[in-house]
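Colleague: Give the three-dimensional model of this entry:
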Amino acid sequence: MHTPVKVALLICAMLALPIHAKADTLTKLSEVKHGEISKLSIAGLDFGFSGLFVIAVRDIEGNLLVQVWANDETKPRFVEKAGAIKDVATASLSGKRFVTAVRDDADQLRVIAWQASENGRELKRLGTYVGPKISKLAAASGDSIFGRVFITARRSDGRLFVGYFDVAGASVNPKWSETYDGQVGAVAASSGMTNTAAMRDGDGKLRLIHFSSTMIRGGIGAGLDISDARISNNDVGTPEWFTFSIDNGPTGVRAGAGCTQRRLIGHGLGKLIGWKLENGSSEDNFVRTREKQLTDFGGIAKKADLVFLKDTARLRLVTAHLGFDNFCRLLPQDQGKPRLQLTIWDTHVRGDEFVKAAEAHLGGDYTEIGVAMIASSGNQQRFAVALRGVRGELKVTVWGVSP
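Modeller: Below is the predicted model of the structure:
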């Protein structure tokens, strides 16, 4: 028989053991290159619960190009060209509708609504709203599946602009919009019944602000020096938000034992943080639920995106960032090759930790990235990744995550 002391020590030892998620299988289902672009944004139609997704890009002529894709095909089902733009963000609505928020060639915000046919082979342009002059922007599905979109942007004078817009019939109607004092840099937006803006504030730190369609809610400065950030949310059960932020860098790395150290300008280390509203109240500030500092080659990032795969049973988070491989090669020019790194995080097995369930790498040198959830097939959750290569080519890949 075990003595009480031995039993207590055994229990303590068991509690100290790390908890691991059951490994998932991450499979690349398709890959295709299609045209040359300079900017991109991606969204799954009907909030990702459809086999269709939309990629909006700035083409090589500087125009907005809207592409409707199906997850099992190697070219878009429909392509529509619109006016000249400098940047674009995309958000899904119900009924195969979506919005492209753009910075046009005069630096003004334009919110354009679109209607895709059920099979994605036709596309109709609905209304347009013209807003203030901006320099950066983000878009997300708003607090109603019936047609509301949340826009956050950096105005030309550096202040934060936030607005809700209703898409009704053939018109885009502003519900409310506000401009807030203080400078911001990069901006991002999460979708859901309520929305959160993530940004680089005037002090260069990560900040979250929670909104509803009627008023500002809570906010918190995370205290991290960042160059960029992206945000997603689970919108399932107890709300939780996830940010992927990139620090200012530059960072020095090695390609392996004995390899020459490289100083990477324009890159930093990524950090993943989970957030919730304190006491579960939409009027309270955010508090952290979990965090993961990415290190070494696995953490180097210059661009990133993330999406939560909305499945009430599995609760998987996808992060995708552009970094470097960790192979030590004989020749200096072969050391530290760039790549896309995909990671699946289990957010269910531990409520205070990000547990890695699967990962995959895709070789290549890329400059832009976007990730969107698309329809599942059986027990396989699916998502699409849009990339811009250094030569301007658009690459679209579809991935499946299976238990």
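
Colleague: Need the contact partners of the strand or helix carrying Leu362.
Modeller: Using DSSP states H and E, Leu362 maps to strand 355-363. Strand 355-363 has contacts (CB atoms under 8 Å, 6 or more residues apart in numbering) with 19-26, 28, 316, 325, 337-347, 349, 397, 399, 401. All C-beta atoms are positioned from the backbone trio N, CA, C, and that covers glycine.

Colleague: same thing but at 7 Å, please
Modeller: Contacts with strand 355-363, where a contact means CB atoms under 7 Å, 6 or more residues apart in numbering, come from 19-21, 23-26, 28, 316, 325, 337, 339-346, 349, 397, 401.

Colleague: Tell me the buried residues within those residues.
Modeller: 21, 24, 26, 316, 325, 339-346, 397, 401 (16 or more other CB atoms under 10 Å).

Colleague: Can you give me the end-to-end span of stretch 47-56?
Modeller: With CA to CA, to the nearest Å applied, stretch 47-56 spans 16 Å between its terminal residues.

Colleague: Could you pull out the buried residues of that stretch?
Modeller: Quick answer for stretch 47-56 (16+ other CB under 10 Å): 47-48, 50-56.

Colleague: could you give the mean pLDDT of it?
Modeller: Averaging pLDDT along stretch 47-56 gives 94.

Colleague: For the residue nearest to Glu353 when sequence neighbours are not counted, which residues are in contact?
Modeller: Excluding the flanking residues, the one nearest Glu353 by CB to CB, 6 or more residues apart in numbering is Arg290, at 5.3 Å. Counting by CB under 7 Å, 6+ apart, Arg290 touches 274, 352-354.

Colleague: same thing but at 8 Å, please
Modeller: Per CB under 8 Å, 6+ apart, neighbours of Arg290: 273-274, 350-354.

Colleague: If we only consider those, which is nearest to Lys75?
Modeller: Of all the contacts of Arg290, Lys75 sits closest to Phe354, with 35.8 Å by CB to CB.

Colleague: and the helix or strand harbouring Trp275, which strands flank it?
Modeller: Trp275 is located in strand 268-277, with elements delineated by DSSP H and E. Here strand 268-277 is paired, per DSSP bridges, with strand 241-246 (antiparallel), strand 286-293 (antiparallel), strand 300-301 (antiparallel).

Colleague: could I get those strands as a markdown table with distance to Gln115?
Modeller: Listed next are the strands paired with strand 268-277 as a markdown table, based on distance: least, CB to CB, whole Å:
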| stretch | distance to Gln115 |
| --- | --- |
| strand 241-246 | 30 |
| strand 286-293 | 35 |
| strand 300-301 | 36 |
